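Take a look and give me a structure for this.
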Amino acid sequence: MAVVHAAEFRVLGPAAIEDYHAHLMRMDRASCLPALDDRGIDGHCLGLVSSGAILIGAFVKGVMRAAAEIVPDRTARRGDAAITVEDGFQDRGFERELTAMAIDEAKRHHLSELRVNEQTATRCYRIPVMELHTYARA
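Next up is the predicted model:
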């Protein structure tokens, strides 16, 4: 478990989907999640549980304020990841720590490739497809 700027980072089990759901509901959907209304977020979270997604949360005073999700593909060799950071919690190093933890978890789950979604203006991150060992050395 890592702490950056008074945040606690931890890998979450399926039971923590409620914390992640609440985090997504607090996001600025107009810029970061434009296609998702409340029902869309509900469906997204249910899909994460059914797909065996890996969730990593950054908690500030017990509330998830940033997170990473990794969704393995059908082959369980590659994964798509997304990092979300709530307004007011950017520029605290959360993105860097979540990216590092996502890479570690992807390796632990034997994923050989990780695609991370990014829209830099909105704090949802997308990094081009990279081999994990290449990215980890950069």
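
for this protein, what spans make up the strands?
2-4, 7-12, 54-60, 63-72, 78-85, 113-119, 124-131 (DSSP state E).

State the paired neighbours of the fourth one in the sheet, together with their directions.
This means strand 63-72. Here strand 63-72 has these sheet partners by DSSP bridges: strand 54-60 (antiparallel), strand 78-85 (antiparallel).

of all the ones you listed, which lies closest to residue 25?
strand 78-85 (11.3 Å; C-beta to C-beta). Every residue, glycine included, has its C-beta placed from N, CA and C.

Name the residues that touch the closest one?
Outside strand 78-85, the residues that touch it by C-beta atoms under 8 Å, 6 or more residues apart in numbering are 23-24, 27, 32, 54, 58, 65-73, 94-95, 98-99, 102, 106, 109, 111-118, 123-125.

So which of the strands of the chain is nearest residue 19?
Checking these against residue 19 by C-beta to C-beta gives strand 63-72 as the closest, at 4.6 Å.

In this structure, what helix or strand scores lowest on average pLDDT?
strand 124-131 (a mean of 43; mean pLDDT, DSSP states H and E).

Could you identify the buried members of the contacts of strand 78-85?
Those of those that meet the buried threshold are 23-24, 27, 32, 54, 58, 65-72, 94-95, 98-99, 102, 106, 111, 113-116, 118, 123-125, by 16 or more other C-beta atoms under 10 Å.

Give me the distance between the residue nearest to residue 113 when sequence neighbours are not counted and residue 66.
Nearest non-adjacent residue to residue 113, counting by C-beta to C-beta, 6 or more residues apart in numbering: residue 78, 4.3 Å away. Distance, residue 78 to residue 66, using C-beta to C-beta, to the nearest Å: 24 Å.

Over to residue 98?
Distance, residue 98 to residue 66, using C-beta to C-beta: 6 Å.

any shared contact partners between the two?
Shared contacts of residue 98 and residue 66 (C-beta under 8 Å, 6+ apart): 58, 83.

Any idea which residue is closest to the centre of the protein?
By C-alpha atoms, centre = their mean, the mean C-alpha position of the chain lies nearest to residue 68, the distance being 1.2 Å.
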